[in-house]
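Engineer: missing the sequence, but the structure's below:
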């Protein structure tokens, strides 16, 4: 039994990319996509139980290749059109995607599917082509930037978050500078960034872990500081704007207030004169904090 306006639906399992640092292909197997109808039926059920927003899940979610009733393959971009056509779904998110599966059809969906939120989480891991090749990621920094450039043609203010690994075996100071240059150029809004650690059974585990721990820590802190500053700048730019928020529940800060999420994945805490959980509301943004916003209630939309 699902509760709440936000639902999560797994559409595929496993991964066939075999990045050299990752255990997923060995622990979860090759990519396997659920049939289209199974996915749509589950989302319909969740809508009947109150879901207004759905997040599609997969280790490589945009590698989805499900079969329809006729045995034809439906790719991820087409799946998004099917999901957006379901009555009751107002917002669509997904995670985690892979750059080499970020097709032009998927990019064009951002021009044609208003239910797709104004936020994309697209892991890059490094800005160094040499390290990306060692990781077996399958793309260059330029190719990654090209994806973001195309997305911003359709959605100029789209929020981009990403994953980073610092201190991968062989990473030099110049390699890390390439990552920082990419971060500055893209203007990432949020990130999940980690120090490299060896995973037994992966190809990278046989490489010499030659970046000193203190160097890894310093690089990680530099990366996180830069992205945190950019995130705060994005939040401050929202001050004085009006935002549509899906109210997910009571605020963690106070049970007298509500909390919801903007399209660009920011939590907003606010007070309202009526019960609004599960509804879309319009809020004026009054305060910006490192991890959240504060708003003033304007109206309930639905």
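Structural biologist: That came in fine, so what should we check first? All figures in this text were calculated on a predicted structure; none of them were measured in a lab.

Engineer: C-terminal to the lowest-mean-pLDDT helix or strand in the chain, what's the next element?
Structural biologist: Least confident helix or strand of the chain, by mean pLDDT, DSSP states H and E, is helix 24-28 with a mean of 93. Remark: after helix 24-28, the chain's next helix or strand is strand 32-33, criterion DSSP states H and E.

Engineer: any idea of the mean pLDDT in that following strand?
Structural biologist: What strand 32-33 shows for mean pLDDT is 98.

Engineer: what is that strand packed up against?
Structural biologist: Counting contacts by 3 or more C-beta pairs under 8 Å, 6 or more residues apart in numbering; DSSP states H and E, strand 32-33 packs against strand 12-13, strand 65-67. In short, each C-beta sits where N, CA and C put it, glycine included.

Engineer: can you name every helix or strand that the shortest one contacts?
Structural biologist: With contacts defined as 3+ C-beta pairs under 8 Å, 6+ apart, strand 12-13 has these neighbours: strand 32-33.

Engineer: the residue nearest in space to the middle of the chain and residue 35, how far apart?
Structural biologist: The residue lying closest to the centre of the chain (C-alpha atoms, centre = their mean) is residue 121, at 2.5 Å. Distance, residue 121 to residue 35, by C-beta to C-beta, to the nearest Å: 25 Å.

Engineer: go on, residue 269?
Structural biologist: As defined by C-beta to C-beta, residue 269 lies at a distance of 40 Å from residue 35.

Engineer: per-domain residue ranges of the protein.
Structural biologist: Split into domains by automatic domain parsing, the chain comes to 6-237, 242-300.

Engineer: returning to what we had before: JSON lines please, covering the helices and strands packed on strand 32-33 and showing mean pLDDT and distance to residue 255.
Structural biologist: Listed next are the helices and strands packed on strand 32-33 as JSON lines, based on pLDDT from 0 to 100; distance: least, C-beta to C-beta, whole Å:
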{"stretch": "strand 12-13", "mean pLDDT": "97", "distance to residue 255": "37"}
{"stretch": "strand 65-67", "mean pLDDT": "98", "distance to residue 255": "41"}
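
Engineer: closest one to residue 230 among those?
Structural biologist: Closest approach to residue 230 among those (C-beta to C-beta): strand 12-13, 31.2 Å.

Engineer: helices of the stretch 51-200 of the chain, start to end?
Structural biologist: Secondary structure of the stretch 51-200 of the chain (DSSP state H, counting those that start in this stretch): helices at 76-84, 104-112, 129-135, 141-154, 173-186.

Engineer: if you count neighbours, what's buried in the second one?
Structural biologist: To tie it back to what came earlier, the one meant is helix 104-112. Neighbour counts over helix 104-112 (16 or more other C-beta atoms under 10 Å) mark 106-107, 109-110 as buried.

Engineer: for the first one, same thing?
Structural biologist: Of the residues in helix 76-84, those buried by neighbour count under the rule 16+ other C-beta under 10 Å are 76-80, 82-84.
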